[in-house]
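**Q** turn this into a structure:
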Amino acid sequence: VFFPPFEAAINAGAASVMASYNEIDGIPSHANPWLLNDILRGEWGFDGPVVADYFAINELNIRHNVVSSLAGAGALALESGVDMELPDGSAFYSLKEKLEAGEIDESILDRAVLRILQLKQRARLFDTPYADAAYADKITGNKEARELAYQAAIKAPVLLKNKNNTLPIAPSDYKKIAVIGPNSDIVVLGGYSDEPRQVVSILDGIKERWGNETQIIHSKGVELTSNRSWWDDNVSLADETENLSKIQEAVQKAQDADLIILAIGGDESTSREAWSETHMGDRNDITLIGQQTELVEALSSL
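**A** This next block holds a predicted model:
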């Protein structure tokens, strides 16, 4: 179930691999030589470096509790097949004493260094250590990049059902289209998207494409949380009473619509990496947050 897309990426020429934070059968990925050596390098033939993300190696000690010290975490990760600690490093820095004491085979360190140097050589970093900032700025979000992103977006959606061949939508078939939902007028890109140069919400896209052909009406229906920042530790769900009122408003607006386009789900504060479930982080189910179920049921009755 999980390996095929990763194997496909390796076969397509992925230059480096980042180990995951999680455990597999109780073994953390950064301490799993079966995963990083037997499968990745042995079966799949990957010859590039494996890197660790923020604090991942430290967590062998403080979260997974498989070693008793930071130096032990660094040694275990290195021996298991992790070659570099990103972005700053701390566990690998603590390996000096173990190396000097002969507790780590220096050939394992040499192996990791070689893989990193080979990657830098492939990237021609020794010949061209500095990027052309002006060129990078010029091609970021340019016409070609946007067209590629558009083609990727077209191919990315997963269609579960197309009852009565509703899709693709022909706006000429509808006099009034209602665009409703908490994600209808925002762009949900995820916490690692920084500030894109061009964004288009579902509502804005529909207005731009079909606004001259049919009447477009809009209602949020419900709010998900009182905050949308990816960085907020504590996330509070939106007020239920206010949401129920917003649902009534949405139903009223959509009453005579010929088509309802509903944008529901989560946002950056309800699906985040590494926060606990109590902080709306790594949730253990995909049920709809807040009163979205009530919104769907109310609109379905129209």
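
**Q** contacts and neighbour counts: CA atoms only from here.
**A** OK.

**Q** what count of nearby residues applies to Ala178?
**A** 23 (other CA atoms under 10 Å).

**Q** and the one 5 residues further on, by the same measure?
**A** Burial of Asn183, expressed as a neighbour count using other CA under 10 Å, amounts to 23.

**Q** ditto for the one 5 residues further on
**A** Using other CA under 10 Å, Val188 has 14 other residues around it.

**Q** which helix or strand contains it?
**A** Under the criterion DSSP states H and E, no helix or strand holds Val188.

**Q** name the nearest residue to it, sequence neighbours excluded.
**A** Asp267 (6.0 Å; CA to CA, 6 or more residues apart in numbering).

**Q** quick check, central residue of this structure?
**A** Gly190 (6.1 Å; CA atoms, centre = their mean).

**Q** quick one: the helices in the stretch 201-302 of the chain?
**A** Applying DSSP state H, counting those that start in this stretch to the stretch 201-302 of the chain gives helices spanning 202-210, 240-254, 292-300.

**Q** by contact count, what packs against the last one?
**A** The helices and strands touching helix 292-300, judged by 3 or more CA pairs under 8 Å, 6 or more residues apart in numbering; DSSP states H and E, are helix 240-254.

**Q** would you mark the buried spots in the helix it packs on?
**A** 243-244, 246-251, 253-254 (16 or more other CA atoms under 10 Å).

**Q** cool, stretch 295-302 as well?
**A** Those would be 295-296, 299, for stretch 295-302 by 16+ other CA under 10 Å.

**Q** circling back: residues near the closest residue to the residue nearest to the centre of the chain other than its chain neighbours, how many?
**A** In space, Gly190 comes closest to Glu268 once its chain neighbours are excluded; the distance is 5.6 Å by CA to CA, 6+ apart. Neighbour count of Glu268, defined by other CA under 10 Å: 20.

**Q** against Asp194, how distant is Glu268?
**A** Glu268 sits 12 Å away from Asp194, going by CA to CA, to the nearest Å.

**Q** if we can go back for a sec, relative to Pro157, how far out is the residue nearest to Val188?
**A** From Asp267 across to Pro157, the span is 17 Å (CA to CA).

**Q** these two: which is more packed in?
**A** Neighbours per residue (other CA under 10 Å) separate Asp267 from Pro157, with Asp267 holding more: 23 against 8.

**Q** you'd agree that one is up against Gly191?
**A** No. When contacts are counted by CA atoms under 8 Å, Asp267 is not listed as touching Gly191 (9.5 Å).

**Q** shared neighbours of those two, which are they?
**A** Residues touching both Asp267 and Gly191 by CA atoms under 8 Å, 6 or more residues apart in numbering: none at all.

**Q** which residues in the protein form strands?
**A** Using DSSP state E, the strands assigned to the chain run over residues 17-18, 23-24, 27-28, 50-52, 84-85, 176-180, 215-219, 259-262.

**Q** among those strands, which is nearest Ser201?
**A** strand 176-180 (11.1 Å; CA to CA).

**Q** what lines up beside that closest one in the sheet?
**A** Strand 176-180 sits in its sheet next to strand 215-219 (parallel), strand 259-262 (parallel), going by DSSP bridges.
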